[in-house]
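In: based on what follows, work out the 3D shape:
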Amino acid sequence: MSIWKQLLLGALVAGLVGFSAWASADGYDYAAVTEVIPVYEEVQVRRPRTECWDEQIAYKRPRSAAGAVIGGLIGAAIGNKAGRHGHHHGRRYHHRGNRGAATVAGAAVGALVGNEVSRANAPTRYGTQQRCQMVDEYRTRRDLVGYDVRYRYNGREYMTRTDRHPGDRIRVRVDVSPAW
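Out: Residues are numbered from 1 along each chain as shown. Below is the predicted model of the structure:
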């Protein structure tokens, strides 16, 4: 090989080494990406929703208010009579102040009793009523959390996880230290 060819080859090698050193002089370089694998995480998501259904119910409704009216009249009469006459230590006495209150109380109690008797004797009817309740529904969702990236730099394989897709090359930090 001629001296000129050797010099030219030496200059070319020196230039490539110098260029490589210049490219990574700031401590960074680029490596070829060989594989990118998306990494997912499964997350359970709670979604409350309302669930409704129709339910058959039984109820008794009196045909009229006659039971309450008749019970009220009977109760008022009993209360009026009880308010006119009372007993005190075995003796009868006439007490005028409680007569009106006893009549009203008797009417109210009689109306309640009459209404309940009327309701108990009423025919059973059926209807439909909508019922609703809140229920939790769980769904599994896959969230992308990053990428496992394999890359090759200076003939060696490396792997890292990134938060975004790197493309066909990835920036790497180059650390040069003296060998002793």
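In: and Val176, how far from Tyr28?
Out: 12 Å (C-beta to C-beta, to the nearest Å). Just so you know, the C-beta spots here come from the backbone N, C-alpha and C atoms, and that holds for glycine as well.
In: what pLDDT does the residue lying closest to Cys132 once chain neighbours are set aside get?
Out: Excluding its sequence neighbours, the residue lying closest to Cys132 (C-beta to C-beta, 6 or more residues apart in numbering) is Cys52, at 4.1 Å. Note on Cys52: pLDDT of 93.
In: how close does Cys52 sit to Glu35?
Out: As judged by C-beta to C-beta, Cys52 and Glu35 stand 52 Å apart.
In: also Gly146?
Out: For Gly146 relative to Glu35 (C-beta to C-beta), the value is 14 Å.
In: show me the helices in the chain, by range?
Out: Applying DSSP state H to the chain gives helices spanning 3-23, 66-84, 99-120.
In: just checking, the residue nearest to Cys132 touches Gln129?
Out: No. Cys52 sits out of contact with Gln129 when judged by C-beta atoms under 8 Å, with a separation of 10.8 Å.
In: quick one on the thing from earlier: and the residue nearest to Cys132, how far is that from Tyr126?
Out: Distance, Cys52 to Tyr126, using C-beta to C-beta: 19 Å.
In: do the same with Glu55
Out: Taken as C-beta to C-beta, the span from Glu55 to Tyr126 is 11 Å.
In: residue ranges with poor pLDDT in the protein?
Out: Within the chain, the ranges that satisfy pLDDT under 70 run 1, 4-25, 60-122.
In: in it, which strand has the most residues?
Out: Using DSSP state E, we find that the single longest strand of the chain is strand 28-60.
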